[in-house]
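>>> Show me how the following folds:
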Amino acid sequence: MPKSLKNALAFSLAACLCWTVAVAPSRAGALGFGAPEAGLAYQSYGNDGFVFTPSVNIMVTALDYYLSPFAPENGTALVDSHPVGIYSTSNPNALLTSAMVGPGSGPIVNGGAGYSSFVPQAITPIELLAGQSYMLSGTSTLSENENGGLYYNAGIPLGNLVPGPEITVNAYFYDYNLSLDYPTTPYATGFVGPNFQYTIVPSPVPEPTSGALLLIGTGVVASRLLKRKRDAKR
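Numbering: from 1, shown residues only. This next block holds a predicted model:
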């Protein structure tokens, strides 16, 4: 077989393999991050914000708010409403998505990652890109006791948070504003509040016709190379 034909076939085969194996499974309903079970209600107010980075493209499908098991209603219901939103760290003035979470009741999820009450507010799904950083922010009001820290009103060490496997939590910020915004005051530990649900965005899968077209193209290239070789011998 001519070397040029071998190269053409090898290239086509490699293209097929690269296109078909780059498929990531989708995992639905993952939690942005969990908090340790020691979380207690913290009598504070303002915006709690976490900068995070996904390692793969994710689709945020709902926003939520943490509920300490020691909060009012014994940790079984959000008594107050909480604005929650996501910003891009590259443009803090641009709110990518937001929703009002609560009041309402829902089960406390404790899947080994700690307590987080889910009264999720569905949103129009928004895709967040791998390697880019985002700010998750949520607002609490005076004396509602529905966000969480640790004992003695201490914040939770960021290393104790349990993010989804595709999420890295980078930093915590806060402010004392009573409307949703992008908090800018850093703090070494965090007080949990806003949360979200997401799915993994799968890599594109070619339609069956794509593979057929690629093979047809390979055949056309091969026939032309053979024809050129025959013509050259005449």
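
>>> if I pick residue 179, what's in contact with it?
Shown in contact with residue 179 (CB atoms under 8 Å, 6 or more residues apart in numbering): 83, 139. Where you see a C-beta, it was placed from the backbone N, CA and C, and this is true even at glycine.

>>> That one sits in which helix or strand?
Using DSSP states H and E, residue 179 falls within no helix or strand.

>>> measure it to residue 156 for me?
Between residue 179 and residue 156 the computed distance is 24 Å (CB to CB, to the nearest Å).

>>> can you check residue 168 too?
Per CB to CB, residue 168 is found 16 Å from residue 156.

>>> Please say which of those two ends up with more neighbours.
residue 156 (22 against 14; other CB atoms under 10 Å).

>>> Run through the residues that contact residue 129.
Residue 129 makes contact with 54, 57, according to CB under 8 Å, 6+ apart.

>>> now with 7 Å?
Residue 129 sits next to residue 57 when contact means CB atoms under 7 Å, 6 or more residues apart in numbering.

>>> Direction included, what does the longest strand anywhere in the chain pair up with?
Ranked by number of residues, the top strand in the chain under DSSP state E is strand 91-101. According to DSSP bridges, strand 91-101 has the following sheet partners: strand 82-88 (antiparallel).

>>> then the strand it pairs with to PDB, C-alphas only?
C-alpha atoms of strand 82-88 as PDB (Å, rounded to 0.1, in the frame of the first residue of the first chain):
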ATOM      1  CA  HIS A  82     -33.100  34.200  50.200                       C
ATOM      2  CA  PRO A  83     -31.900  35.800  47.000                       C
ATOM      3  CA  VAL A  84     -29.200  33.600  45.500                       C
ATOM      4  CA  GLY A  85     -27.100  34.300  42.400                       C
ATOM      5  CA  ILE A  86     -24.000  33.400  40.400                       C
ATOM      6  CA  TYR A  87     -21.600  36.000  39.000                       C
ATOM      7  CA  SER A  88     -18.500  35.600  36.800                       C
END
